[in-house]
Structures are given as structure tokens and as C-alpha cells.
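A.B. asks: Only the shape, not the letters, is given here:
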């Protein structure tokens, strides 16, 4: 099956959802798997609080106010409806401050370890871009480590155009813009 057909088929069974009590099992299974690998979980929004403290965790997922470090954002989990599991998550910043403009961008995304290399990141970013349109964002910045070739390809598959590379904390970051 050609890649574009596969991605269309995949995107029909994936949906971005807000975290609700009915998805507690989904979240625990995904994060238990992810933490067991010992790798850094992205997006940051889904690891900034302990998910075992359910109520606090749920409330931490939405930033409503603005400070020097934060802007309003929304966190969505990617539900594979056919298998009834979370396969990843996205965090969408509603606008960029100076820090996010340099490194971070509008969308942070991550796919749980067992679901990688299946086209999920590309489909999930496509769904996140739809949420960006709903928020009135028509030019989206996404950033990834240069070493993360899979992430770069997922961004490029959604129309990402490399603007430049910068060094942040000794790591080369690529900055991509997507026109909606």
C-alpha cells in the first residue's frame, strides 16, 4: 500500500482527545510502558506531573494563563479507536513567546515506544495541525533534534520547511515552519 494511502487509513482510526476519567487506563498503560524504557517522554506536558495523582495530573494538562515561561496550551492524547489505546500525545501552544519561538514551537509531540515506525507521528501531527487551524494559528513552528530523523520526516510529511538549525544546550535543533 502506498504511504499516502496508509496515512489516510491510519488517520481515519486516530483521534485526538482530551484526557477524561474514561481514559485513565489508556493513560496508565501508555505512560507505564514509556517510563519503563527510561527515555525522556515528550511532550513535556505529559510528564511534568505524576500521573498517579490523577486529579492533579488532569488539571496540569492545560495552561490557561501566561507568565515569562508559559503560554496558554492544550494537551491532546492520540486515541487509536480500532484498538482502544493511546498511541501518543501532542501539546499545542496557542502562541509563541521568545523562548518558544527559538526552541519549542507550537506543537510538541511524542509516540509511545511500541507504536513507533508505523506512521502514527505523521498522522498525529496532521490532526494537531487541524487543532491549530481551529485556534487561528496559520503558521506553525515545529522543532526537533537534528539527530531525530524520524521526527524530522514526520514534520516534513506535513509540509514542514526547514528554516534553520540552532544549538540549544549543546544540541543541534532544527526549526521547521508549516503554512496552513
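C.D. replies: Looks like it arrived, so ask away. Source: prediction; values computed, not measured. Residues are numbered from 1 along each chain as shown.
A.B. asks: so what's the most centrally placed residue in the chain up against?
C.D. replies: Central residue of the chain (Cα atoms, centre = their mean): residue 109, 1.8 Å from the mean position. Listed by Cβ atoms under 8 Å, 6 or more residues apart in numbering, the contact set of residue 109 reads 42-43, 88-91, 121, 124-125, 128, 151, 154. Using the backbone N, CA and C atoms, a C-beta is placed for each residue, glycine as well.
A.B. asks: now do residue 158
C.D. replies: 122, 125-126, 129, 178.
A.B. asks: out of those residues, which is most surrounded?
C.D. replies: Neighbour tally across the contacts of residue 158 (other Cβ atoms under 10 Å): the maximum, 25 neighbours, falls on residue 125.
A.B. asks: sorry, back to before: out of the contacts of residue 158, which sit inside strands?
C.D. replies: residue 178 (DSSP state E).
A.B. asks: possible to save the contacts of residue 158 as CSV with pLDDT and distance to residue 79?
C.D. replies: As requested, the contacts of residue 158 are arranged in CSV below (pLDDT from 0 to 100; distance: Cβ to Cβ, whole Å):
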residue, pLDDT, distance to residue 79
122, 97, 17
125, 98, 15
126, 97, 15
129, 98, 17
178, 98, 23
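A.B. asks: so which helix or strand takes in residue 51?
C.D. replies: Under DSSP states H and E, no helix or strand contains residue 51.
A.B. asks: Check what pLDDT it gets.
C.D. replies: Listed pLDDT for residue 51 reads 97.
A.B. asks: How about it, nearest residue that isn't a chain neighbour?
C.D. replies: Leaving out its chain neighbours, the residue that sits closest to residue 51 by Cβ to Cβ, 6 or more residues apart in numbering is residue 57, at 4.7 Å.
A.B. asks: buried sites along stretch 156-174?
C.D. replies: 156-158, 160, 173-174 (16 or more other Cβ atoms under 10 Å).
A.B. asks: Oh, that last question was meant for stretch 78-93, not what I typed.
C.D. replies: Buried, per 16+ other Cβ under 10 Å, within stretch 78-93: 78-80, 85-93.
A.B. asks: Just give me the neighbour total for residue 41.
C.D. replies: For residue 41, using other Cβ under 10 Å, the count is 18.
A.B. asks: Ignore what I typed, I meant residue 33.
C.D. replies: Residue 33 has 15 neighbouring residues, counting by other Cβ under 10 Å.
A.B. asks: so what's it up against?
C.D. replies: 112-114.
A.B. asks: Show me the one in those residues that has more neighbours than the rest.
C.D. replies: Neighbour tally across those (other Cβ under 10 Å): the maximum, 21 neighbours, falls on residue 112.
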